[in-house]
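K.L.:
Kindly generate the corresponding structure for this input.
(one chain, ligands or ions: 1)
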Amino acid sequence: MPNQLNTEALLTLAKSTNPLDECSECRSLICSGWESLPYSFNSDSLALIGTLRSNDEEKSWEEYHPNGTQLWSSDAPIAIDFHPYNRCDVYQCKNCLRVYLRYTEYGGYYIDERIRAVDPNLIVTLPMK
Ligand SMILES: [Zn+2]
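P.N.:
Predicted coordinates:
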């Protein structure tokens with residue numbers, strides 16, 4: 001079981017990187033909103049750092065969009081208690097240390113691996129429920 005990260009840990013991790021760096025390893029992955037993982041993606045370039053998934057099975061499907069964004073918006077807030085962040089694992093590029101979130105969407109007839117680069121400015125801290 002990977003490390004459980006809370007909002008503060010994710011924020012610290014994301015702030016420790018310089019998102020302006022051009023990186024030959026993960027350049028094709030840099031996306032401000034969610035995207036399907038490209039087929040050309042080399043999984044060796046990312047290291048698993050931790051997870052945002054909690055142990056309890058009752059994961060909310062609720063999303064957090066106070067400002068009219070939607071799941072795919074490039075400026076959608078990152079609220080780790082909400083879908084899809086409560087299903088995400090946290091990865092870091094081994095080369096430039098850029099932080100990424102990944103989760104797998106299970107549709108009826110497909111599995112879609114999705115990835116989003118973490119912008120620390122989009123991480124929101126919410127009061128505990
Ligand atoms: Zn990189």
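K.L.:
Surely I115 is within a strand?
P.N.:
Yes - applying DSSP: H, G, I helix; E, B strand; the rest coil, one finds I115 inside a strand.
K.L.:
isn't it right next to E35, touching?
P.N.:
Yes - shown here, I115 and E35 form a contact pair, counting by C-beta atoms under 8 Å, at 6.1 Å. (C-beta placed from N, C-alpha, C; glycine too.)
K.L.:
more neighbours, those two?
P.N.:
I115 (21 against 15; other C-beta atoms under 10 Å).
K.L.:
Who are the contact partners of the more buried one?
P.N.:
Neighbouring residues of I115 by C-beta atoms under 8 Å, 6 or more residues apart in numbering: 29, 31, 34-37, 100-102.
K.L.:
coming back round to it: spit out the residues that contact I115 and E35 alike.
P.N.:
In contact with both I115 and E35: no residue, using C-beta under 8 Å, 6+ apart.
K.L.:
Quick check on the most centrally placed residue in the chain: phi, psi?
P.N.:
Geometric centre of the chain, nearest residue: L101, 2.1 Å, by C-alpha atoms, centre = their mean. Backbone torsions for L101, taken as degrees, to the nearest 10, come to phi -110, psi 140.
K.L.:
Check the closest residue to it other than its chain neighbours and give its pLDDT.
P.N.:
Leaving aside its sequence neighbours, L101 sits nearest to C88 (C-beta to C-beta, 6 or more residues apart in numbering; 4.3 Å). For C88, the model assigns a pLDDT of 96.
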